[in-house]
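J.: With the sequence up front, the predicted model follows.
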Amino acid sequence: MAFSVLARHPPNNYTPTGTPDGKICKYTGQSVRAVPIRVVTVGKKRSRGVQLICDEYKEKLQHYCIIDDVLIRSNPRNARDAKAQIEDEDTAVINLCKTDDWVVLLDENGQDVSSERLAEFIGDAGFTGASRMLFCIGGPYGHGRQLRERANLSIKLSSLILNHQIALLVLLEQLYRAWTIIKGQKYHH
């Protein structure tokens, strides 16, 4: 699966870098600062099967960085209007953002990047001054205005629209893949 990225509001000292072909990660085999990662998902309760796979990837990722995930209930105030639902979810996610978070929006309108490029973003995050990377998976109607304005990057997991549970699984696998690329391990070939 490919990711996509649109840079927004980067910290003052952030300069995106990387290879033009996106096939080789500049950090492979080098030491990088492991910025903690939080994944915020808006949606319904996860199925047991999805939760088992999420736990497996989080356990694998803990060898490389601190990772946690938060599930925000979709439509927290049971609004009948989609716009009100988006605003409520938006506020709930924004309230979890710290001022020094590097916010990555997962969005169907983001731009494509390779797994190697995602690895570079993770490596680059260590130089941004960010205390944490925050990956945001939206609810059924997507992300709200506040979060879109706050996001530093906008990426997509696929050209297909994915259910939030599937998006979470794909993201966790790609984060694990990115770390194995950075460490030069054999998972990614």
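T.: Perfect, thanks for sending it.
J.: Any idea which residue is closest to the centre of this protein?
T.: Centroid-nearest residue in the chain, with Cα atoms, centre = their mean: residue 135, separated by 2.9 Å.
J.: Contacts for the helix or strand where that residue lies, please.
T.: Using DSSP states H and E, residue 135 sits in strand 132-137. Residues outside strand 132-137 that contact it (Cβ atoms under 8 Å, 6 or more residues apart in numbering): 35-43, 93, 96-98, 100-106, 122, 125, 143, 147, 151, 164, 167-168, 171, 175. Every residue, glycine included, has its C-beta placed from N, CA and C.
J.: can you tell me the distance between the two ends of stretch 53-69?
T.: Counting by Cα to Cα, to the nearest Å, you get 13 Å between the two ends of stretch 53-69.
J.: Stretch 59-66 now?
T.: End-to-end distance of stretch 59-66 (Cα to Cα): 10 Å.
J.: Roughly how far does the residue nearest to the centre of the chain sit from residue 48?
T.: Using Cβ to Cβ, to the nearest Å, we find residue 135 at a distance of 23 Å from residue 48.
J.: quick one on the thing from earlier: ok now the strand holding residue 135, how far from the chain's centre?
T.: When C-alpha coordinates are averaged (Cα atoms, centre = their mean, to the nearest Å), strand 132-137 and its chain have centres 5 Å apart.
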